[in-house]
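>>> What would the 3D arrangement of this be:
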Amino acid sequence: MAACDFNMCFTFVMPGWEGSAHDSHIFNFATSDPRYEFPNPPQGKYYLVDSCYPLQRGYLKPYQDTRYHLPDFARGGRRAEGRQEIFNHAHSSLRSVIERSFGVWKKKWVILRDMPSYRFDKQIAIVIATICLHNFIRRHPSRVDIDFSEYEQRDRDQCMTSQNRQQTCTDTAGGVEEMIALRNTIADQLCEARS
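Take a look at the predicted model:
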């Protein structure tokens, strides 16, 4: 599990889970156990999360059973219609930063492709080390980084195009009504801004 900021720097990483573990299980584990020091959002702020995560205070997920992923909107040239689709399109556009961050990280560190040949504890250490290097390069650019530039250009292209994996889970924990109200308010504001 990982979290990142809008500058494509990872702010939290929790390696070491089996690939078969469900994302929401890892999320609940990381956010509920203080030993992992998950950077919960401050009061009044929130993380954008995928649809498989629980809806709870501080974590804003898209509307279920509504188009979400940017390629879904690009196919057929159909714009987002209705408040739920408009919200999901904006959510997906912003959430793509995590996908770009992972894209740069995996492209830059070739060692990640050969992970099965290392012991599991070494794999965890490699993930942590490469994440740290990724963040260092991003925060201290001594020159233009080709990998970051490529993914930033992809994002600009995606935004230009959009202008012209759903998993089910149970929503638990406090703040569900608060986050539903926030999501609805944002959706209404996006619709108003569009008209």
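
>>> Run through this structure and note the low-pLDDT ranges.
Filtered on pLDDT under 70, the chain yields the residue ranges 152-174.

>>> pull the longest helix from the chain.
Secondary structure of the chain per DSSP state H: the longest helix is helix 82-108.

>>> Mind listing what's buried along that one?
Judged by neighbour count (16 or more other CB atoms under 10 Å), helix 82-108 contains these buried residues: 83-93, 95-98, 100-105, 108. The C-beta positions use only the backbone N, C-alpha and C, and glycine is treated the same way.

>>> Return the distance of the closest residue to residue 67 other than its chain neighbours relative to residue 119.
In this structure, residue 67 finds its nearest non-sequential neighbour in residue 85, 5.4 Å apart by CB to CB, 6 or more residues apart in numbering. According to CB to CB, to the nearest Å, residue 85 stands 46 Å off from residue 119.

>>> how about the residue nearest to residue 67, what does it touch?
By CB atoms under 8 Å, 6 or more residues apart in numbering, the contact list for residue 85 reads 66-67, 73.

>>> Run through who's touching stretch 177-186.
Residues external to stretch 177-186 that are found in contact with it (CB under 8 Å, 6+ apart): 46, 55-61, 63, 83, 87, 90.

>>> Out of those, which end up buried?
Buried by 16+ other CB under 10 Å: 46, 55-61, 63, 83, 87, 90, out of those.

>>> re the thing from before, would you list the contacts of residue 85 in TSV and tack on neighbour count?
Output for the contacts of residue 85, formatted as TSV (neighbours: other CB atoms under 10 Å):
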residue	neighbour count
66	18
67	19
73	21
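
>>> Chain neighbours aside, what residue packs nearest to the residue nearest the centre of the chain?
Among the residues of the chain, the one closest to the centroid is residue 98, at 4.1 Å (CA atoms, centre = their mean). Nearest non-adjacent residue to residue 98, counting by CB to CB, 6+ apart: residue 4, 5.3 Å away.

>>> Walking through this protein, point out its strands one by one.
For the chain, the strands defined by DSSP state E cover 2-4, 10-13, 47-48, 59-60.

>>> Thank you kindly, that will do.
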